[in-house]
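Enquirer: Quick one, fold the following:
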Amino acid sequence: MTEEKKHIRPGRIYEITAVSNARIKGIRSLAQKKNRDNDNTFMVEGMKLVRDAFDNGWKIETLVYAPGSRAGDQARELAARARVSGAEILEVNEKVLASMTRRENPQMVVGVMRQQWHPAPAGIVDPASTWVVLDRIRDPGNLGTIIRTADSAGADGIILVGDTTDPYSLEATRASMGSIFNVPLVKLTESQFLDWRKRWPGIVVGTHLEGAADFRSIDYDSSPVLLLMGNEQQGLPPSLAENCDRLAYIPMNGAADSLNLAIATGVMLFHMGKRLPPPGNEK
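Expert: Numbers count the residues shown, from 1 in each chain. The predicted structure follows:
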(Lines give C-alpha, C1' and ligand atoms only; values in the text may rest on other atoms or scores of the structure.)
Protein backbone atom coordinates (compact mmCIF):
# COMPACT_ATOMS: atom_id res chain seq x y z
CA MET A 1 0.00 0.00 0.00
CA THR A 2 1.35 3.45 -0.90
CA GLU A 3 1.81 6.17 1.70
CA GLU A 4 -1.14 8.10 0.26
CA LYS A 5 -3.46 5.09 0.48
CA LYS A 6 -2.77 4.70 4.21
CA HIS A 7 -4.55 7.99 4.86
CA ILE A 8 -7.85 7.04 3.20
CA ARG A 9 -10.77 7.30 5.63
CA PRO A 10 -13.94 5.67 4.25
CA GLY A 11 -16.94 7.97 4.38
CA ARG A 12 -14.90 11.04 5.31
CA ILE A 13 -14.97 14.36 3.45
CA TYR A 14 -11.82 16.39 2.88
CA GLU A 15 -11.47 19.82 1.27
CA ILE A 16 -8.36 20.16 -0.87
CA THR A 17 -7.27 23.30 -2.68
CA ALA A 18 -3.61 22.58 -3.51
CA VAL A 19 -2.51 20.82 -6.68
CA SER A 20 0.54 19.61 -4.74
CA ASN A 21 -1.53 17.75 -2.13
CA ALA A 22 -0.28 14.20 -1.58
CA ARG A 23 -3.70 12.59 -2.15
CA ILE A 24 -4.15 14.49 -5.41
CA LYS A 25 -0.66 13.56 -6.57
CA GLY A 26 -1.34 9.92 -5.71
CA ILE A 27 -4.54 9.84 -7.75
CA ARG A 28 -2.91 11.72 -10.61
CA SER A 29 -0.15 9.09 -10.67
CA LEU A 30 -2.74 6.48 -11.70
CA ALA A 31 -2.37 7.84 -15.22
CA GLN A 32 0.73 5.61 -15.33
CA LYS A 33 0.27 1.86 -15.67
CA LYS A 34 2.99 0.95 -13.15
CA ASN A 35 1.11 2.86 -10.45
CA ARG A 36 -2.22 1.30 -11.40
CA ASP A 37 -0.60 -2.12 -11.19
CA ASN A 38 1.05 -1.39 -7.84
CA ASP A 39 -2.26 -0.50 -6.20
CA ASN A 40 -4.57 -2.55 -8.46
CA THR A 41 -6.68 0.60 -8.79
CA PHE A 42 -7.59 2.95 -11.62
CA MET A 43 -9.15 6.35 -12.21
CA VAL A 44 -12.18 7.24 -14.30
CA GLU A 45 -13.31 10.70 -15.33
CA GLY A 46 -16.80 12.06 -15.64
CA MET A 47 -20.30 11.80 -14.23
CA LYS A 48 -21.40 9.09 -16.63
CA LEU A 49 -18.53 6.71 -15.97
CA VAL A 50 -18.72 7.07 -12.20
CA ARG A 51 -22.48 6.59 -12.26
CA ASP A 52 -22.13 3.55 -14.53
CA ALA A 53 -19.65 2.07 -12.06
CA PHE A 54 -22.17 2.49 -9.23
CA ASP A 55 -25.02 1.07 -11.28
CA ASN A 56 -22.98 -2.05 -12.08
CA GLY A 57 -22.01 -2.68 -8.46
CA TRP A 58 -18.43 -1.40 -8.49
CA LYS A 59 -17.22 0.12 -5.24
CA ILE A 60 -15.81 3.64 -5.43
CA GLU A 61 -12.85 4.02 -3.06
CA THR A 62 -12.34 7.75 -3.58
CA LEU A 63 -14.53 10.33 -5.31
CA VAL A 64 -13.14 13.74 -6.22
CA TYR A 65 -15.49 16.53 -7.26
CA ALA A 66 -15.76 20.29 -7.54
CA PRO A 67 -18.87 21.42 -5.63
CA GLY A 68 -18.68 24.90 -7.16
CA SER A 69 -18.58 23.68 -10.76
CA ARG A 70 -21.26 23.97 -13.41
CA ALA A 71 -22.28 20.40 -12.58
CA GLY A 72 -22.40 21.15 -8.86
CA ASP A 73 -25.84 19.73 -8.00
CA GLN A 74 -25.31 16.49 -9.91
CA ALA A 75 -21.78 16.16 -8.55
CA ARG A 76 -22.97 16.68 -4.96
CA GLU A 77 -25.68 14.07 -5.44
CA LEU A 78 -23.12 11.58 -6.74
CA ALA A 79 -20.73 12.43 -3.90
CA ALA A 80 -23.47 11.81 -1.34
CA ARG A 81 -24.20 8.45 -2.91
CA ALA A 82 -20.51 7.57 -2.86
CA ARG A 83 -20.12 8.63 0.77
CA VAL A 84 -23.01 6.41 1.86
CA SER A 85 -21.32 3.49 0.11
CA GLY A 86 -18.13 4.13 2.11
CA ALA A 87 -16.06 6.18 -0.34
CA GLU A 88 -13.60 8.83 0.72
CA ILE A 89 -14.79 12.21 -0.65
CA LEU A 90 -12.38 14.90 -1.77
CA GLU A 91 -13.91 18.33 -2.41
CA VAL A 92 -11.61 20.33 -4.69
CA ASN A 93 -11.65 23.38 -6.92
CA GLU A 94 -11.66 23.26 -10.72
CA LYS A 95 -7.93 24.00 -10.88
CA VAL A 96 -7.17 20.83 -8.90
CA LEU A 97 -9.53 18.78 -11.06
CA ALA A 98 -7.94 20.15 -14.23
CA SER A 99 -4.53 19.05 -12.98
CA MET A 100 -5.83 15.49 -12.57
CA THR A 101 -7.68 15.00 -15.83
CA ARG A 102 -5.23 16.63 -18.25
CA ARG A 103 -8.08 17.86 -20.47
CA GLU A 104 -8.93 21.32 -21.77
CA ASN A 105 -12.48 20.93 -20.43
CA PRO A 106 -11.93 18.80 -17.33
CA GLN A 107 -14.69 16.55 -16.05
CA MET A 108 -16.21 17.63 -12.76
CA VAL A 109 -16.05 14.19 -11.12
CA VAL A 110 -13.21 11.68 -10.80
CA GLY A 111 -13.56 8.26 -9.25
CA VAL A 112 -10.92 5.79 -8.06
CA MET A 113 -11.79 2.12 -7.79
CA ARG A 114 -10.34 -1.39 -7.81
CA GLN A 115 -9.55 -3.21 -11.03
CA GLN A 116 -11.59 -6.38 -11.57
CA TRP A 117 -10.10 -9.43 -13.29
CA HIS A 118 -12.06 -12.64 -13.75
CA PRO A 119 -10.91 -16.25 -14.03
CA ALA A 120 -11.16 -17.94 -17.43
CA PRO A 121 -14.73 -19.22 -17.86
CA ALA A 122 -15.50 -22.86 -17.13
CA GLY A 123 -18.48 -25.16 -17.55
CA ILE A 124 -20.00 -23.30 -20.51
CA VAL A 125 -22.99 -25.10 -22.05
CA ASP A 126 -25.13 -22.27 -23.45
CA PRO A 127 -24.84 -22.32 -27.27
CA ALA A 128 -25.41 -18.54 -27.26
CA SER A 129 -22.25 -17.98 -25.25
CA THR A 130 -19.61 -15.83 -27.02
CA TRP A 131 -16.19 -14.82 -25.74
CA VAL A 132 -13.82 -12.49 -27.57
CA VAL A 133 -10.09 -13.22 -27.43
CA LEU A 134 -7.71 -10.33 -28.21
CA ASP A 135 -4.08 -11.14 -28.91
CA ARG A 136 -1.56 -8.46 -27.88
CA ILE A 137 -3.86 -5.55 -28.67
CA ARG A 138 -1.85 -2.33 -28.59
CA ASP A 139 -4.20 0.62 -28.96
CA PRO A 140 -6.23 1.63 -25.86
CA GLY A 141 -8.85 3.33 -28.01
CA ASN A 142 -9.35 0.12 -29.97
CA LEU A 143 -9.61 -1.89 -26.77
CA GLY A 144 -12.14 0.44 -25.20
CA THR A 145 -14.21 0.44 -28.39
CA ILE A 146 -14.14 -3.37 -28.53
CA ILE A 147 -15.28 -3.57 -24.90
CA ARG A 148 -18.17 -1.24 -25.74
CA THR A 149 -18.99 -3.25 -28.87
CA ALA A 150 -18.84 -6.59 -27.06
CA ASP A 151 -21.22 -5.20 -24.45
CA SER A 152 -23.62 -3.96 -27.13
CA ALA A 153 -23.56 -7.27 -29.00
CA GLY A 154 -24.14 -9.32 -25.83
CA ALA A 155 -20.77 -11.06 -25.67
CA ASP A 156 -20.07 -12.78 -22.35
CA GLY A 157 -16.59 -11.34 -21.87
CA ILE A 158 -13.15 -10.59 -23.26
CA ILE A 159 -9.93 -12.55 -22.82
CA LEU A 160 -6.72 -10.55 -23.21
CA VAL A 161 -3.79 -12.70 -24.31
CA GLY A 162 -0.14 -11.77 -23.95
CA ASP A 163 1.30 -8.29 -23.56
CA THR A 164 -1.76 -6.12 -24.18
CA THR A 165 -2.56 -2.49 -23.59
CA ASP A 166 -4.21 -1.77 -20.26
CA PRO A 167 -8.04 -1.76 -20.29
CA TYR A 168 -7.93 0.38 -17.15
CA SER A 169 -6.03 3.25 -18.76
CA LEU A 170 -7.87 6.57 -19.06
CA GLU A 171 -7.98 6.24 -22.86
CA ALA A 172 -9.50 2.75 -22.77
CA THR A 173 -12.08 3.51 -20.08
CA ARG A 174 -13.18 6.64 -21.95
CA ALA A 175 -13.56 4.71 -25.21
CA SER A 176 -15.57 1.98 -23.45
CA MET A 177 -18.26 4.59 -22.54
CA GLY A 178 -19.02 2.70 -19.31
CA SER A 179 -19.03 -0.81 -20.75
CA ILE A 180 -15.79 -1.51 -18.85
CA PHE A 181 -18.08 -1.99 -15.83
CA ASN A 182 -20.33 -4.53 -17.55
CA VAL A 183 -17.96 -6.80 -19.50
CA PRO A 184 -15.90 -9.41 -17.60
CA LEU A 185 -12.19 -9.23 -18.42
CA VAL A 186 -9.75 -12.14 -18.26
CA LYS A 187 -5.97 -11.85 -18.59
CA LEU A 188 -3.89 -14.87 -19.69
CA THR A 189 -0.46 -15.58 -21.10
CA GLU A 190 -0.43 -17.31 -24.47
CA SER A 191 0.50 -20.65 -22.89
CA GLN A 192 -2.27 -20.30 -20.29
CA PHE A 193 -4.76 -19.51 -23.03
CA LEU A 194 -3.74 -22.45 -25.21
CA ASP A 195 -4.07 -24.81 -22.25
CA TRP A 196 -7.52 -23.42 -21.41
CA ARG A 197 -8.60 -23.51 -25.07
CA LYS A 198 -8.33 -27.32 -25.04
CA ARG A 199 -11.36 -27.40 -22.76
CA TRP A 200 -13.47 -24.95 -24.78
CA PRO A 201 -16.75 -26.77 -25.57
CA GLY A 202 -17.66 -24.99 -28.80
CA ILE A 203 -16.22 -23.67 -32.03
CA VAL A 204 -13.11 -21.48 -32.18
CA VAL A 205 -13.15 -18.93 -35.01
CA GLY A 206 -10.20 -16.70 -35.85
CA THR A 207 -10.11 -13.86 -38.36
CA HIS A 208 -7.18 -14.06 -40.77
CA LEU A 209 -6.22 -12.41 -44.05
CA GLU A 210 -5.54 -15.89 -45.43
CA GLY A 211 -8.67 -17.42 -43.92
CA ALA A 212 -10.40 -20.09 -45.98
CA ALA A 213 -14.00 -19.34 -44.95
CA ASP A 214 -16.13 -16.29 -45.69
CA PHE A 215 -17.20 -15.19 -42.21
CA ARG A 216 -20.85 -15.29 -43.33
CA SER A 217 -20.66 -18.99 -44.19
CA ILE A 218 -19.84 -20.25 -40.69
CA ASP A 219 -22.45 -21.77 -38.37
CA TYR A 220 -22.28 -19.75 -35.15
CA ASP A 221 -25.65 -20.85 -33.76
CA SER A 222 -25.22 -24.46 -32.71
CA SER A 223 -22.47 -24.10 -30.11
CA PRO A 224 -20.59 -21.56 -27.97
CA VAL A 225 -18.19 -19.39 -29.97
CA LEU A 226 -14.67 -18.27 -29.12
CA LEU A 227 -13.75 -15.40 -31.46
CA LEU A 228 -9.99 -14.81 -31.84
CA MET A 229 -8.81 -11.45 -33.12
CA GLY A 230 -5.14 -10.75 -33.83
CA ASN A 231 -3.30 -7.57 -33.02
CA GLU A 232 -3.43 -4.40 -35.14
CA GLN A 233 -0.18 -4.84 -37.04
CA GLN A 234 0.43 -8.59 -37.36
CA GLY A 235 -2.92 -10.31 -37.01
CA LEU A 236 -3.13 -13.76 -35.45
CA PRO A 237 0.25 -15.46 -34.95
CA PRO A 238 0.64 -19.05 -36.24
CA SER A 239 0.53 -20.43 -32.68
CA LEU A 240 -3.02 -19.12 -32.26
CA ALA A 241 -4.21 -19.51 -35.85
CA GLU A 242 -3.44 -23.24 -35.82
CA ASN A 243 -5.63 -23.63 -32.74
CA CYS A 244 -8.73 -22.30 -34.51
CA ASP A 245 -11.41 -24.60 -35.90
CA ARG A 246 -12.15 -22.10 -38.65
CA LEU A 247 -10.12 -19.22 -40.06
CA ALA A 248 -12.46 -16.59 -41.46
CA TYR A 249 -12.00 -13.62 -43.75
CA ILE A 250 -14.19 -10.56 -44.28
CA PRO A 251 -14.66 -9.84 -48.01
CA MET A 252 -14.03 -6.22 -48.98
CA ASN A 253 -14.39 -3.90 -51.93
CA GLY A 254 -12.06 -1.07 -52.88
CA ALA A 255 -8.34 -0.80 -52.32
CA ALA A 256 -8.33 -1.60 -48.60
CA ASP A 257 -7.01 -5.04 -47.69
CA SER A 258 -7.98 -4.98 -44.00
CA LEU A 259 -10.24 -3.34 -41.44
CA ASN A 260 -9.49 -1.56 -38.21
CA LEU A 261 -9.43 -4.16 -35.41
CA ALA A 262 -12.37 -2.67 -33.52
CA ILE A 263 -14.45 -2.43 -36.71
CA ALA A 264 -13.64 -6.02 -37.70
CA THR A 265 -14.59 -7.28 -34.24
CA GLY A 266 -17.88 -5.40 -34.46
CA VAL A 267 -18.64 -6.85 -37.90
CA MET A 268 -18.06 -10.37 -36.58
CA LEU A 269 -20.04 -9.98 -33.35
CA PHE A 270 -23.07 -8.32 -34.90
CA HIS A 271 -23.15 -10.83 -37.73
CA MET A 272 -23.22 -13.63 -35.15
CA GLY A 273 -26.05 -11.82 -33.37
CA LYS A 274 -26.04 -14.45 -30.64
CA ARG A 275 -27.69 -12.32 -27.96
CA LEU A 276 -29.12 -9.43 -29.94
CA PRO A 277 -32.77 -8.60 -29.21
CA PRO A 278 -35.20 -9.61 -31.95
CA PRO A 279 -36.36 -6.87 -34.35
CA GLY A 280 -38.81 -4.49 -32.68
CA ASN A 281 -37.56 -5.28 -29.16
CA GLU A 282 -34.51 -3.05 -29.06
CA LYS A 283 -33.87 -0.86 -26.02
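Enquirer: contacts and neighbour counts: CA atoms only from here.
Expert: Will do.
Enquirer: How many residues are close by residue 198?
Expert: By other C-alpha atoms under 10 Å, 9 other residues sit near residue 198.
Enquirer: And for residue 151?
Expert: Residue 151: 21 surrounding residues under other C-alpha under 10 Å.
Enquirer: can you tell me how far it sits from residue 93?
Expert: 35 Å (C-alpha to C-alpha, to the nearest Å).
Enquirer: Contact partners for the residue nearest the centre of the chain?
Expert: With distances taken as C-alpha atoms, centre = their mean, the residue of the chain nearest its centroid is residue 180 (3.7 Å). Contacts for residue 180 were tallied using C-alpha atoms under 8 Å, 6 or more residues apart in numbering; they are 144, 147-148, 167, 173.
Enquirer: quick one: which of those residues sit in helices?
Expert: Residues of the contacts of residue 180 located in helices (DSSP state H): 144, 147-148, 173.
Enquirer: Of these, which is the nearest to residue 210?
Expert: In terms of C-alpha to C-alpha, no member of the ones in helices among the contacts of residue 180 lies closer to residue 210 than residue 147, at 25.8 Å.
Enquirer: and the closest residue to the closest one other than its chain neighbours, what pLDDT?
Expert: Once flanking residues are discounted, residue 147 sits nearest to residue 176: 5.7 Å by C-alpha to C-alpha, 6 or more residues apart in numbering. Looking at residue 176, its pLDDT is 98.
Enquirer: surely residue 176 meets residue 150?
Expert: No: judged on C-alpha atoms under 8 Å, residue 176 makes no contact with residue 150 at a distance of 9.9 Å.
Enquirer: quick one on the thing from earlier: next up, the contacts around the residue nearest to residue 147.
Expert: So residue 176 contacts 143-148 (C-alpha under 8 Å, 6+ apart).
Enquirer: Mind doing that once more with 10 Å?
Expert: Counting by C-alpha atoms under 10 Å, 6 or more residues apart in numbering, residue 176 touches 49, 140-151, 167, 170, 182-183.
Enquirer: Kindly report the same for residue 131.
Expert: Contacts for residue 131 (C-alpha under 10 Å, 6+ apart) come out as 121, 150, 154-159, 184, 204, 224-228, 269.
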